[in-house]
Structure formats: C-alpha cells, structure tokens
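Novice: got a structure for you, letters missing:
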C-alpha cells in the first residue's frame, strides 16, 4: 500500500526541485510525502537487518571448532595416569569439532521468526506513514480553499471595477456624485485586505506542504482539484493497522514453535582430541595424543515442564491482539459513520448553494439597473454585490469541505 507510492513517485519527478511550475495531484503529494519522510529509511534498514540475521542463522550447520590450551599444576594421581618426576606444571591441549546433524528444527524456526519479525517491523512503519495522508489532506485542501476564495474576491472586484468606470463617466457628465467613487474604492480596498490575508494564509500552507513533500511549490505550481467520489460508503477497511495485527499474531505463533523445538533431541557429529605434554601418563618422555569420534545426542526435557504454560501465554497474547484489532475496527467504523453523516449533510447544503448564488446575482443585477437609471442608491448595489460574493464564497467553501470530507473518509478507511 505505502510502498506502491514509493514506486509511483520515482516516475513522477526526475528532480525534487523541479515541482515548481508543474501540476501536482493529491496522489503525487501522498507519494512525495512518503518518499520524503525520514521514517521511510526504516524499510531499507529492516531489510538489511533481516538479510544479515538470516545469514547468521544459516551458519548454525557449519562445523563448530573449539580449542583449549591448559598450562597448569597437575596433582594427585589416577591408575595409569600420573606424572613423572620433575615439575608438576604441565601443558594439556584439547580440541573439539561439532557438526550439527539435526537441531530439532531450531534453525528453520529461527528463520521463520526472523521473517515474521521483519514483516511486523515493516507493518509498523506502514502505520506511521499512513498518518501522513491526513496531514497532506489538510494542507492540500487548505490551499485549494484559499484559491477558491481568491477567485470569488476577484469576481467581486471585477464587478466593482466596472461600476467605477461607469460612475466616473456619469460623474464627468454631472450625473453622479464623487462620493460614489469613494464608496466603491473603499469596497475595493476591503477586498485588497482580504486578498492579502488569504495570500499570507496560502503561503503558510504552501511552505508547510513543501516541507512535507520535500519539493518547492511556488505561485506557478498548479494543484489539481481532485474528483469527488460519488461512491464513498460501503468500502472495506484496509488500513495498514490490520496488516500489523495479522503480522503480530503470525510472529507470536512462530515464536511458539520454539517450544516445540526445545522438546526435540539434538544430534551432532563429534570429534575430539587431547594433547598431553611429556611427563604425563606415567612419566612418558614423548608427547601423547588421544582422539575420539562419534555421534553425540542431547535431550533437555526441562521444556516439558512449562510447555502447557507457554501455550496458554501465547493464546493470551493473541487474544490481546484480537481485542486491540476489534477496538481499532470499532473506533474506525465510528469515524466512518460520522464522516458519512457529514458527507450527506454537506451534499444537502451544497444542493441549494447554486440557487442562492443565482438569486443573489439576479438581485445584484436588479440593483445595478436601478442605480444605472438613477432610481436606486449606490449603497443598495454595494450591499447586493457583497452578498453575492458571500454566496459564491459559501458555495466554494461547501464544495471544498465536501471534497475534503470525502478524502478524509477514504483515508480513514484506507482506500
């Protein structure tokens, strides 16, 4: 899921710094944010750790050699084994070679545990990276909302500018008051103030999104407005947390295999030798060597005593994970239900926005006609213009809120 973003982003940009003056989609921002986040390096570290650990586990069947050298005081005596006259400080060398023939499945189980642990670690990273999508949503849709509001301000400013030109002509002919021009100028200055506030807000969002995705965004960068999905509900929950719970259960079950391994005997091929310095073994003046070769078997039955308890502890651990998963799904479904209700509400509100905008436009045009014919005051026209702008702004706000809630729903469900 997360790793697919990493693959897709490599073909998106040749250089991170080349995002400016290009078009960005929300999916590309997801991919770039994932690629840029420092935690992404964990994937490579986990894979390398698994590779080296598996390599070490595979060496369990290599011959194990041990050599011991003893220079010590020999005292006492046994039949046919003693010391000659002279110093009791003697040298003894011991060597042993063990070749595992069957370890009861220990190596195989260890490799399974290593792989299961690696998958669990990766799933933990997936969960952490999934949270990036929510942060991208907030910044991305915040920028789009500001852009929509700036468009509505521009529409209002164009209407006012047209009236300024018309009033100046009337004023030149003595048919309008200079104060009318000043009134409209005040409204334009208020629009300029709002534009300044929106631009500062947008710049803040752009800076944060640039840092999040690791690419510079400027005024020429176009953020695509994502399509609204009509089918947002009844989608399965495919969050990375579910993979994490699955991998955790698999790891615990794999670790339980160790108890089975501990119940098995171990069989080795053994070779051993000893070197006895002169003066040992009834005073021989030559170096004496002895050797032995054969099979060795060991079986520790201590694991039998706690095998049943270990199985019960494993079941308890799995049950804890199951409870965590059930709690997560319960909370996620609650979030999806709330998001679904918000989507329906926003759709209902948005369905009347277009009619409100059209009515406000008609009202403003009526006051425009009255003012142009000298039968209505300028203040009525200005009020109507402002209300039309507010209606357009509300429509843009509701559209963006609906779109953001739709993508929040997708993020919550993991789709």
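Specialist: Done, it's in. Fair warning: this is a prediction, and the values are worked out from it, not measured in the lab.
Novice: show the average pLDDT along the helix or strand harbouring residue 330.
Specialist: Secondary structure from DSSP states H and E places residue 330 in helix 302-350. The average pLDDT for helix 302-350 rounds to 88.
Novice: stretch 370-381 now?
Specialist: Computed over stretch 370-381, the average pLDDT equals 86.
Novice: excluding its backbone neighbours, what's nearest residue 296?
Specialist: Spatial nearest neighbour of residue 296, chain neighbours left out: residue 270 (4.3 Å); criterion: CB to CB, 6 or more residues apart in numbering. In this view, the C-beta of every residue, glycine as well, is placed from N, C-alpha and C.
Novice: likewise for residue 399?
Specialist: Spatial nearest neighbour of residue 399, excluding adjacent residues (CB to CB, 6+ apart): residue 350 at 6.3 Å.
Novice: how many other residues sit next to the one you found?
Specialist: Residue 350 is flanked by 16 other residues according to other CB atoms under 10 Å.
Novice: for it, give its distance to residue 159.
Specialist: 24 Å (CB to CB, to the nearest Å).
Novice: what's the single longest helix in the chain?
Specialist: Longest among the helix segments of the chain by residue count, using DSSP state H, is helix 106-172.
Novice: other SSEs contacting that one?
Specialist: For helix 106-172, the packing partners by 3 or more CB pairs under 8 Å, 6 or more residues apart in numbering; DSSP states H and E come out as helix 2-10, helix 26-36, helix 41-58, helix 178-213, strand 222-223, helix 240-262, helix 353-372, helix 378-413.
Novice: quick one: distance of it to the chain centre.
Specialist: Centroid separation for helix 106-172 versus its chain: 16 Å, with CA atoms, centre = their mean, to the nearest Å.
Novice: before we move on, what about stretch 31-50?
Specialist: 10 Å.
Novice: shift numbering so it begins at 8
Specialist: Okay, using 8 as the starting number, the last item reads as stretch 38-57.
Novice: and it, what's buried?
Specialist: Within stretch 38-57, the residues scored as buried using 16 or more other CB atoms under 10 Å are 38, 39, 40, 41, 42, 43, 44, 47, 49, 50, 53, 57.
Novice: by mean pLDDT, point me to the weakest helix or strand of the chain.
Specialist: One helix or strand of the chain scores below all others by mean pLDDT, DSSP states H and E: helix 9-17, with a mean of 43.
Novice: longest strand anywhere in the protein?
Specialist: The residue-count maximum for a strand in the chain (DSSP state E) belongs to strand 96-109.
Novice: so which bits of it are buried?
Specialist: Buried positions in strand 96-109, judged by neighbour count with 16+ other CB under 10 Å: 97, 98, 99, 100, 102, 104, 107.
Novice: check the residues you listed and tell me the two furthest apart.
Specialist: 97 and 107 (33.4 Å; CB to CB).
Novice: that older thread, can you list the buried residues of strand 96-109 in TSV and add pLDDT?
Specialist: Converted to TSV, the buried residues of strand 96-109 look like this (pLDDT from 0 to 100):
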residue	pLDDT
97	71
98	73
99	76
100	76
102	74
104	75
107	74
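Novice: and the residues you listed, which is closest to residue 366?
Specialist: Distance to residue 366, by CB to CB, is smallest for residue 107 among the buried residues of strand 96-109, at 86.6 Å.
Novice: related to what we said a few turns ago, and the next element down the chain from the least confident helix or strand of the chain?
Specialist: Following helix 9-17 toward the C-terminus (DSSP H and E): strand 30-31.
Novice: so what does that next one touch, helix or strand wise?
Specialist: Secondary-structure packing of strand 30-31 (3+ CB pairs under 8 Å, 6+ apart): strand 229-230.
Novice: got a list of contacts for the strand it packs on?
Specialist: Contact with strand 229-230 is made by 29, 30, 31, 32, 33, 147, 150, 151, 154, as judged by CB atoms under 8 Å, 6 or more residues apart in numbering.
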